[in-house]
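Novice: coordinates only, sequence not included:
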């Protein structure tokens, strides 16, 4: 039985998104049809909106919803199950089948494409590998942001960096992803946890999620400020300077300036005692970056990327949901704005203007 849905569609030519009524066919053998409750509004969608495209595009890659139909090869979820949609396979190690990105036939005869999934719609049709079953007790609104923002930020702390209790962390950019990283750093017992941003309100907000110190990069050099906060008595680098800097610095923005700041922000190695710290790129990079190779070499530092927080959704989503349940990750506070689907262009403008303090969602 076909299903009619309202979908936000980005036209091939430059212009605002339009809400289009689309009829979905029955799910293919490996597809799942989901009625959605809420979808995250991710900053990375702006890259798709502003870049040239060969087809219309459907957006969004994180949501919470309920299964209303499934293909005959789908066995891990059933009709009526509460689920979360994400943009990376739920557990690629359990299958040798590659997931298939959805395409959508539009009423005008054109075909819309997406990056694996689309969730800016009241219903979505996705490959079953992008669907994670969750408990019926799961909140149906704020949990929508786990599928990207939380996974990316918290996962970078837990899995990519592997931060341990007592280690120091600096997070550059405290939007939804950065705040998730801050919260995860608090959960694992990192100290200090330094939030870096250009916006004083965002920095104050970050303290609610576990930041123990803040640096306003519009008013002072963040590298210098971080090093002043983290000087280590009795430890010296190769040039006999006191060791300073955090164990881990995360760039949750992806700008050239922040990508270049996180390496000098991590500590030098203590010569003959221990290696240096680790810089982790979390935000989507839009430019080339120049690193000081001598700093990397002599101070035995590391510079690494974190893609989707190195997460396995089927393993990690229950952990993040438990954090929310126990108050360690307050998603109710992290979601600061809510929009209807008809307000999609208003939401995009708010995203572009930096008016969203934490994370925003669509509610259907």
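Specialist: Right, received. Where do you want to start? Note that the coordinates shown come from a computational prediction; the quantities given were computed from them, not determined experimentally.

Novice: can you tell me how far the residue of the chain positioned farthest from its centre sits from residue 263?
Specialist: Most distant from the centre of the chain: residue 240, at 39.1 Å, with distances by C-alpha atoms, centre = their mean. Taking C-beta to C-beta, to the nearest Å as the measure, residue 240 falls 21 Å from residue 263. For glycine as for every other residue, the C-beta is placed from the backbone atoms N, C-alpha and C.

Novice: and what of residue 305?
Specialist: Using C-beta to C-beta, residue 305 is found at 13 Å from residue 263.

Novice: those two: which is more packed in?
Specialist: More crowded of residue 305 and residue 263, by other C-beta atoms under 10 Å: residue 263, with 26 against 11.

Novice: partners of the residue nearest to that one when sequence neighbours are not counted in the sheet?
Specialist: Of all residues beyond its chain neighbours, the one nearest residue 263 is residue 279 (4.6 Å), with distances taken as C-beta to C-beta, 6 or more residues apart in numbering. Residue 279 forms beta bridges with residue 249, residue 303, as assigned by DSSP bridges.

Novice: next one: residue 171
Specialist: residue 195, residue 250.

Novice: neighbours of it, how many?
Specialist: Counted by other C-beta under 10 Å, the residues lying close to residue 171 total 35.

Novice: my read: it touches residue 190, true?
Specialist: No. With contact defined as C-beta atoms under 8 Å, residue 171 does not reach residue 190; the gap is 10.0 Å.

Novice: let me know the pLDDT of residue 182.
Specialist: You'll see residue 182 listed with a pLDDT of 98.

Novice: over to the one 4 residues further on?
Specialist: Predicted confidence (pLDDT) for residue 186: 98.

Novice: residue 195 is in contact with that one, correct?
Specialist: No. Using C-beta under 8 Å, residue 186 is not in contact with residue 195; the gap is 11.2 Å.

Novice: once you drop chain neighbours, what's closest to residue 84?
Specialist: residue 132 (4.8 Å).

Novice: A strand includes that neighbour, no?
Specialist: Yes. Counting by DSSP: H, G, I helix; E, B strand; the rest coil, residue 132 falls inside a strand.

Novice: point out where the protein drops to low pLDDT.
Specialist: 1 (pLDDT under 70).

Novice: walk me through the domains of it.
Specialist: The chain breaks down by automatic domain parsing into domains covering 3-140+330-363, 150-308.

Novice: dump those domains into JSON lines; add distance to residue 314 as well.
Specialist: As requested, the domains of the chain are arranged in JSON lines below (distance: least, C-beta to C-beta, whole Å):
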{"stretch": "domain 3-140+330-363", "distance to residue 314": "4"}
{"stretch": "domain 150-308", "distance to residue 314": "12"}
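
Novice: right, and those - which one's nearest residue 315?
Specialist: domain 3-140+330-363 (6.9 Å; C-beta to C-beta).

Novice: gap between the closest one and the chain center?
Specialist: Put simply, domain 3-140+330-363 sits 15 Å off its chain's centre (C-alpha atoms, centre = their mean, to the nearest Å).

Novice: same check, this time on stretch 186-205
Specialist: Using C-alpha atoms, centre = their mean, the offset of stretch 186-205 from its chain centre is 17 Å.

Novice: now do the same end-to-end measure for that stretch.
Specialist: Start and end residues of stretch 186-205 are separated by 15 Å (C-alpha to C-alpha, to the nearest Å).

Novice: so that it lines up with my notes, have the first residue be 608 from now on.
Specialist: Understood, numbering begins at 608; the last thing we discussed is stretch 793-812.

Novice: centroid-nearest residue for the protein?
Specialist: The centroid of the chain falls nearest to residue 756 when counting by C-alpha atoms, centre = their mean (2.9 Å).

Novice: now the helices: where do they sit in the stretch 808-957 of the chain?
Specialist: Using DSSP state H, counting those that start in this stretch, the helices assigned to the stretch 808-957 of the chain run over residues 829-836, 863-872, 900-905, 920-933, 938-941, 951-959.

Novice: so what touches the fourth one?
Specialist: Surrounding helix 920-933, the residues in contact under the criterion C-beta atoms under 8 Å, 6 or more residues apart in numbering are 691, 693, 695-698, 739, 741-742, 744-746, 749-750, 753-754, 757-758, 761-762, 765-766, 790, 794, 916, 936-938.
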